[in-house]
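> below is the structure, and that's it, no one-letter string:
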């Protein structure tokens with residue numbers, strides 16, 4: 001049974017025999033480097049060069065020897081019978097038989113290839129991996145090697161989230177898919193594919209008001225951070241939801257029969273994102289008993305009638 005736990009997601013934490021171990025910065029970094037290497041032995045010269053890049057090789061190796069001794073001593077003071085950190089004259093490594101590492105467990109269940117139909121067992125492991133992601137890797141460290149690993153693991157997490165959302169959505173488990181998508185956008189709120197998934201899943205669940213609020217928040221975020229507007233194709237999701245009987249949407253989570261209704265012969269409305277958001281927000285207020293008037297004005301030919309027709313379709317669908 002492994003009684004030592006090393007966590008690298010969020011903030012560094014080493015717990016031995018249920019008690020936290022206090023380590024110096026270099027000792028903690030040493031364990032993190034070895035853990036990110038999945039416990040494989042790494043040469044002393046390489047580790048020393050990473051930890052003390054501005055020192056001579058002899059000085060860096062001497063510093064490494066001191067750090068190894070201090071880390072071993074800190075673990076031993078907690079009465080742990082097994083050594084977590086192992087070394088010889090040329091290499092240093094972790095004893096993963098007695099040490100549980102969150103990053104290593106995360107990688108075991110993460111999804112590395114997208115576009116595959118995943119079975120429930122694989123999806124279950126992936127969800128368990130996502131639960132281990134308590135935040136970006138060593139989020140308060142700014143070492144160069146740490147930043148690179150942080151970005152790599154974050155991308156792996158987001159790809160896993162996308163695969164999990166797709167997998168459960170295919171199985172009509174909107175609840176699990178939505179929970180995973182929402183957790184993922186807390187890590188990366190700019191990930192449009194996941195933001196669209198949240199909106200789509202809310203619509204599948206019949207919650208148009210929350211879906212609209214999600215679009216509005218995402219639009220404000222993109223405008224504030226990047227001074228850009230959303231591609232208004234995100235509103236196509238609302239049209240698909242409105243035509244659920246021909247697109248397989250269902251609030252109850254079950255597929256519905258396909259109906260071959262003839263398509264409307266009209267060009268899709270494009271642009272006017274801000275106006276459409278305002279009109280949809282007004283529609284939701286009206287549905288909640290807080291109706292108001294809207295005056296649409298503009299030069300001839302700018303699309304006032306088409307915008308109004310689009311709004312009337314939304315009103316009829318609601």
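Good, I have the coordinates. Model, not experiment: these values are computed from the prediction. Numbers count the residues shown, from 1 in each chain.

> can you give me the strands in the stretch 51-200 of the chain?
Taking DSSP state E, counting those that start in this stretch, the strands of the stretch 51-200 of the chain run over residues 85-87, 91-94, 99-101.

> output the below-cut-off pLDDT ranges for the stretch 201-318 of the chain.
Within the stretch 201-318 of the chain, the stretches with pLDDT under 70 are 239-274, 276, 287, 298-306, 308-318.

> okay, the strands of the stretch 51-200 of the chain in JSON lines with distance to residue 58 next?
(Each C-beta comes from the backbone N, C-alpha and C, glycine too.) As requested, those are exported to JSON lines (distance: least, Cβ to Cβ, whole Å):
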{"stretch": "strand 85-87", "distance to residue 58": "17"}
{"stretch": "strand 91-94", "distance to residue 58": "17"}
{"stretch": "strand 99-101", "distance to residue 58": "30"}
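
> excluding its backbone neighbours, what's nearest residue 136?
Sequence neighbours aside, residue 150 is the residue nearest to residue 136 in space, at 5.4 Å (criterion: Cβ to Cβ, 6 or more residues apart in numbering).

> ok, the one you found - how many residues close by?
Counted with other Cβ atoms under 10 Å, residues neighbouring residue 150 total 19.

> show the contacting residues for it.
The neighbourhood of residue 150, defined by Cβ atoms under 8 Å, 6 or more residues apart in numbering, consists of 136-139.

> I'd say residue 3 and residue 16 touch.
Yes - here residue 3 reaches residue 16: they are 6.7 Å apart, a contact under Cβ atoms under 8 Å.

> what is in contact with those two at once?
residue 80.

> please name the bridge partners of the residue nearest to residue 35 when sequence neighbours are not counted.
Using Cβ to Cβ, 6+ apart and skipping the chain neighbours, the partner closest in space to residue 35 is residue 101 (4.7 Å). For residue 101, the beta-bridge partners under DSSP bridges are residue 6.

> are any of the contacts of residue 150 buried, and which?
Neighbour-count burial (16 or more other Cβ atoms under 10 Å) is assigned, among the contacts of residue 150, to 136-138.

> with respect to residue 275, which of those residues is nearest?
Nearest to residue 275, judged by Cβ to Cβ, of the buried ones among the contacts of residue 150 is residue 136 at 37.3 Å.

> quick one: contacts for that closest one?
Residues in contact with residue 136 (Cβ under 8 Å, 6+ apart) are 9-10, 150, 153-154, 187.

> now do residue 185
Contacts of residue 185 by Cβ under 8 Å, 6+ apart are 191, 194-195, 198.

> what is the burial count for residue 53?
Quick note: residue 53 (other Cβ under 10 Å) scores 11 neighbours.

> how close does it get to residue 184?
Residue 53 sits 34 Å away from residue 184, taking Cβ to Cβ, to the nearest Å as the criterion.

> from residue 149, how far off is residue 38?
12 Å.

> check residue 205 too.
36 Å.

> over to residue 86?
Relative to residue 149, residue 86 is positioned 22 Å away (Cβ to Cβ).

> the more surrounded of those two?
residue 149 (19 against 16).

> for that one, what are its contacts?
Neighbours of residue 149 in contact, by Cβ under 8 Å, 6+ apart: 36, 137.

> quick one on the thing from earlier: the buried ones among the contacts of residue 150 in helices, which ones?
For the buried ones among the contacts of residue 150, not one is inside helices, with DSSP state H as the criterion.

> thought residue 13 was touching residue 19?
No - counting by Cβ under 8 Å, residue 13 sits too far from residue 19 to count as a contact (11.4 Å).

> got the contact list for residue 61?
44-45, 48.

> could I get the phi/psi values of residue 15?
Here is the backbone geometry of residue 15 (degrees, to the nearest 10): phi -120, psi 130.

> identify each buried residue in the longest helix along the chain, please.
Secondary structure of the chain per DSSP H: the longest helix is helix 144-170. Residues 146, 149-150, 153-154, 156-169 are the ones in helix 144-170 that count as buried (16+ other Cβ under 10 Å).
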